[in-house]
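Student: structure, please.
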Amino acid sequence: MATYKKRGYKPKATKEKGETLDALEQDSTTAEVFNTLDEGANKAEDWVAGNQKGIFILIGVAAVIMLGYLGYNKFIAEPKAEEAMNEMYSSQKYFDEAVDGVGKDSLYNLALTGGGGKLGLTDIVDQYGTTPAGNLANYYAGMAYLNTKDYTNAVKYLGDFSTDDAVLGPIAKGGMGDAFVQLEQLPEALEYYEKAIAASTNDYTTPMYLLKAANVAQSLGKSDKALKYYMRIKSDFKTSDQAKNIDTFIGRAESSK
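Tutor: Purely as a prediction, here's the structure:
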């Protein structure tokens, strides 16, 4: 900060005259710096004063967007998600009973189309597709179609299902592989079995889809790839059901190379 000096003040003489001049120059430079800062601050204040209306509009728009987002989640998205889960209960119950093996086809169809005044899985996807329940309905619908041999719709709905779950993710991809096998589209089947393998490593889904991928690869004449998958089952999942006769599969792949 510049120092106030009385009128007529003279700097005290030193041994070197140049030192006094340097001190004066330093004071002058400091004053220039503060003047520059003051000018910059004044310009910033002038800009804010001249653009207040625009600034307040931007702040207002940002606030409206934030409040709108919070309001949407609180009053629209959350109630809709809860409503979808309530609709889902009946269809999921039909699906679970079908998996247990009692009247399978009719129960899968009830799960898909609905019953007792409740929506079916496909309707839930259509009406609540953006909710977690709507997403999960894609999985159940895809698996129901797979089990009722409607393989095209199985691929469609399973393909629309999204998850990071370590088991459901691979099963959805593997289900698409199964559907493509039935549609006799073996390259696509291999692709989705490999996606199922890559989606998660666990003792349940990984050896299952390794074996399916290897068998399809063998059918496509890709013996090297088949052998690689068989060998991984033998080395990494030796206690799995898929490993029980793995040496037979390995021998077949080696002989066809």
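Student: and residue 91, how many residues sit next to it?
Tutor: 27 (other CB atoms under 10 Å). Placement of C-beta: from N, CA and C, glycine included.
Student: would you confirm that it contacts residue 107?
Tutor: No: contact between residue 91 and residue 107 fails when scored by CB atoms under 8 Å: they sit 10.3 Å apart.
Student: now do the same for residue 3: its pLDDT.
Tutor: You'll see residue 3 listed with a pLDDT of 44.
Student: neighbours around the nearest residue to residue 222 once chain neighbours are set aside, how many?
Tutor: In space, and not counting its chain neighbours, residue 222 is closest to residue 190: 7.9 Å by CB to CB, 6 or more residues apart in numbering. Using other CB under 10 Å, residue 190 is surrounded by 24 other residues.
Student: ok, now the one 10 residues further on?
Tutor: Counted with other CB under 10 Å, the burial measure for residue 200 works out to 19 neighbours.
Student: measure it to residue 225 for me?
Tutor: For residue 200, the distance to residue 225 equals 20 Å [CB to CB, to the nearest Å].
Student: over to residue 117?
Tutor: 51 Å.
Student: low-confidence ranges in the stretch 51-200 of the chain?
Tutor: 51-80, 102-103 (pLDDT under 70).
Student: change it to 80
Tutor: 51-84, 101-103 (pLDDT under 80).
Student: and the helices in the stretch 151-257 of the chain, which stretches?
Tutor: Shown for the stretch 151-257 of the chain, the helices assigned by DSSP state H, counting those that start in this stretch span residues 151-160, 168-182, 186-199, 205-219, 223-236, 246-255.
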